[in-house]
Every structure is written in structure tokens, then in C-alpha cells.
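Novice: the following comprises the amino acid sequence and a computationally predicted model.
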Amino acid sequence: MSDPSVGIVVVSHSRALGNAAAELAYEVIGDVDVPIAVAAGLDDTTPGTDAAAIATAIATSDRGAGVVVLMDLGSAVLSAELALDLLDDVGADPATRDRTVLCPGPLVEGLVVAAATASTGADRHRVSADAAAALGPKRSHLGLSWESG
Amino acid sequence: MGGLSVAETVGPAELGRWLRAFADAVTDNADDLTALDSAIGDADHGVNMRRGMTAVVAKLDAAPATAPAALLKTAGMTLVSTVGGASGPLYGTLFLRMGTSAGDRAELDAAAFAAALRAGLEGVVARGKAQLGDKTMVDALTPAVDALDAALADGAGLGDALRAAANAADQGSDATIPLVARKGRASYLGERSAGHRDPGATSTALLVNTAAASLG
């Protein structure tokens, strides 16, 4: 039996955006089993982020290899940070907090790259680092350095 | 009651009264809060806070808490799941930290209430990483907590101390008007954020004023 995959959590203000981004990532990785949980929107139509829902998503996507969290803007980051304090309340494995990485990468590009890297069996640090650098190919294609544009 | 002060403790009944009063205040002022937020933010603060506090009151109605810590935790957890914007994790953290500070006390005396509010402030600062003068709720909450502590240290009762805190929160909210925002959506506007009152500081002033009205 192979080692468990890193889990990925998608945090967005929009449930539609979070689900669509996850769908895009699944298309990229095909049949490889990478747990991707979406914690986005207050409900199907009300935008917002919910720290308790994020905590639950982190808890359920940690299979032992940890979790990389991709976030969109503003309160998504604050709610994800607060979610780390709520893991006990949602019954997470006590070790989950220390193996959860909040990734600074862009939501869509970062998620696709994170899923692709996770599907190779990489660890959470590699997955997060690759996702954080996910704008590289686009910047390179557009002829931009990291410092410009 | 004459010249004797009433028993100055804050239990679940008093905390529930405060949260209901705050819910009424954000509902009454929702349009104003949203108007402030439309000037420098994303025009959702009033709507978000009304939705969150309405949910808190519904929780209190459904299952009245019997201890301060449980009530404050219920309020905090409800806000983090129902507000949606940055005020959710920030007000949520405020009440969650107050609940932790309350511990297993059945009632909070003035010192314990002040300590809880300071723990809440410290939680908000740690969560939002905002400093005084960044044009946020911290600009109303910090002077309020300082005024509360100072008044209690001078021997004031909880009611007078909370009224001093409310005045300090109002002044702190007023003082956000000329500031340039350095946190949150308003910071995208840079200099253009000056000249507008901060919505978060405004709702925080309502929080402290309703504490003075319902706990004092």
C-alpha cells in the first residue's frame, strides 16, 4: 500500500468558484486519489468564508500526510488561520494542526499545481512550495520577471 | 437601590442581554454600516453583521447558555460561520477569547469582565495583525479596553467604567475618519480611504455602547 496523499482544502468566498476550481484540478490529475475538500461560501449563493467549515474540511482531508490549504482573498485567510484553532472542536486528529500548511499561492493556478504535485506522492512542503510558485509559467510565458508586472 | 451599588457581576443573563442589544444595534444601523463600507470597502459590513448577530440571537433563543464561557463560545462560533467577511473571524475571535478568559466562572466580576474583554482585544490584534491607527475595529476597541481598566483601577463601578469605555470607543471610532487604511479591503484605496469613518470601528463602538447600556 502506498503512502497516503497530501490532502488539499479549497477556501473561497464563492461556493461555485470553489467547486469549479476543484473540478478543474480533478480533471488535471485524472484517476489519482488526492482528497480535495471545498470550504467555500456560507451557502450555495451567499458569499463568505466559514472558519468552522474550513476546520472540518481540513480534518476530513488529512489522511496522515497533512493538508495544504489554498485560499482566495481577504477573510479567506483570516478564517483559515482561525480554523487551525478550531480543529479540536471538530474532532480533528491532534496531529493535524502541525501538518497543515496555509499556502500563499494563487487559488486557481495554485490548486491545479498542488493537485498535480500531490498526485505524484510529494509531501506537503513540496506541494505547498510548488503551488506558491504556480504563477511562474504564466509570468514566463508573458515575458515577465518575478520583480516586474 | 439607593447609594448602594447593585451586585456587579456579569452572568449568562447579562451577557445574553448585551448580545441581544448589540444585535438590535447592528440591525438598526445596518444600512449606515453598509453605507460606510460602500465608501471604502465592499459594502457588506452591515448586512454581514446583521446576519451574524441575528443567528447568535436565534442560538440563544434555542438553547439558553448557563455559563458565561459557553455563551461566549456559542456567540463566537456562530459568528465565524455566519458573518462571511473578515468581521466573522475577527468578532468570532473576540468572543471565543472572551469565553476562554471567562473559564469556569459562573459570574464575571468587573475585573474578570475587563480581563475577558482585553483577552478578546488581544485575540483580534493577533488574528487581524492590525495595529492602532490602521483604521480598523482595533482603533475603537483598544481605547475602550484601556478606559475600562483605568476606570476600574480608579475605583469606579462596572457601570461607570463601561460608560467611560463607550466614550473612548466613540472617540476612537471618530478618530478613524482622517486615517489612511492599512488593513483590509479599504487599504486598496490608499489615501482615498481618508475622510471616511471605518465601518469596523463603528460597529465596535456599538458593541461597547450596548455593553454600557445593558451591563452597567
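Specialist: Nice, I can see it.
Novice: from here on, just use CA atoms for contacts and neighbour counts.
Specialist: Fine.
Novice: and the strands in chain A?
Specialist: Secondary structure of chain A, counting by DSSP state E: strands at A:7-12, A:36-40, A:67-71, A:100-103.
Novice: JSON lines for the ones you listed, including distance to chain B and mean neighbour count?
Specialist: Written out in JSON lines, the entries for these read as follows (distance: least, C-alpha to the nearest C-alpha, whole Å; neighbours: other C-alpha atoms under 10 Å in any protein chain shown):
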{"stretch": "strand A:7-12", "distance to chain B": "11", "mean neighbour count": "30"}
{"stretch": "strand A:36-40", "distance to chain B": "10", "mean neighbour count": "26"}
{"stretch": "strand A:67-71", "distance to chain B": "13", "mean neighbour count": "30"}
{"stretch": "strand A:100-103", "distance to chain B": "14", "mean neighbour count": "20"}
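Novice: with mean pLDDT added, can I get those in JSON lines?
Specialist: Rendered in JSON lines, the data for those read as follows (pLDDT from 0 to 100):
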{"stretch": "strand A:7-12", "mean pLDDT": "98"}
{"stretch": "strand A:36-40", "mean pLDDT": "98"}
{"stretch": "strand A:67-71", "mean pLDDT": "98"}
{"stretch": "strand A:100-103", "mean pLDDT": "98"}
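Novice: make a markdown table from those and add distance to B:Ala115 to it.
Specialist: Conversion of these to a markdown table gives the following (distance: least, C-alpha to C-alpha, whole Å):
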| stretch | distance to B:Ala115 |
| --- | --- |
| strand A:7-12 | 34 |
| strand A:36-40 | 34 |
| strand A:67-71 | 34 |
| strand A:100-103 | 31 |
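Novice: skipping its backbone neighbours, what lies nearest B:Phe95 in space?
Specialist: In space, and not counting its chain neighbours, B:Phe95 is closest to B:Gly76: 4.8 Å by C-alpha to C-alpha, 6 or more residues apart in numbering or on different chains.
Novice: so in chain A, which helix runs the longest?
Specialist: Determined from DSSP state H, the single longest helix within chain A is helix A:15-29.
Novice: test my guess that B:Gly11 contacts B:Leu71.
Specialist: No: in this structure B:Gly11 lies outside contact range of B:Leu71 using C-alpha atoms under 8 Å: 9.6 Å.
Novice: ok, back up a step: check the residue nearest to B:Phe95 and give its pLDDT.
Specialist: In the prediction, the pLDDT value recorded for B:Gly76 is 98.
Novice: how close does it sit to chain A?
Specialist: B:Gly76 sits 11 Å away from chain A, going by C-alpha to the nearest C-alpha, to the nearest Å.
Novice: mind listing what that residue touches?
Specialist: B:Tyr91, B:Gly92, B:Thr93, B:Leu94, B:Phe95, B:Leu96 (C-alpha atoms under 8 Å, 6 or more residues apart in numbering or on different chains).
Novice: let's see that with 6 Å instead.
Specialist: B:Gly76 sits next to B:Gly92, B:Phe95, B:Leu96 when contact means C-alpha atoms under 6 Å, 6 or more residues apart in numbering or on different chains.
Novice: check which helix or strand covers it.
Specialist: In this structure, B:Gly76 is located in helix B:68-82 according to DSSP states H and E.
Novice: output that helix in CSV with nothing but the alpha carbons.
Specialist: Output in CSV follows, covering the C-alpha atoms of helix B:68-82 (Å, rounded to 0.1, in the frame of the first residue of the first chain):
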residue,chain,number,x,y,z
PRO,B,68,-20.5,32.8,30.6
ALA,B,69,-17.9,30.7,28.8
ALA,B,70,-20.5,28.6,27.0
LEU,B,71,-22.5,31.6,26.0
LEU,B,72,-19.5,33.5,24.7
LYS,B,73,-18.2,30.4,22.8
THR,B,74,-21.7,29.9,21.2
ALA,B,75,-21.6,33.6,20.1
GLY,B,76,-18.1,33.3,18.7
MET,B,77,-18.7,30.0,16.8
THR,B,78,-21.9,31.3,15.4
LEU,B,79,-20.3,34.5,14.1
VAL,B,80,-17.4,32.7,12.4
SER,B,81,-19.9,30.6,10.5
THR,B,82,-22.5,33.2,9.6
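Novice: nearest residue to A:Met71 other than its sequence neighbours?
Specialist: Spatial nearest neighbour of A:Met71, chain neighbours left out: A:Val11 (4.6 Å); criterion: C-alpha to C-alpha, 6+ apart.
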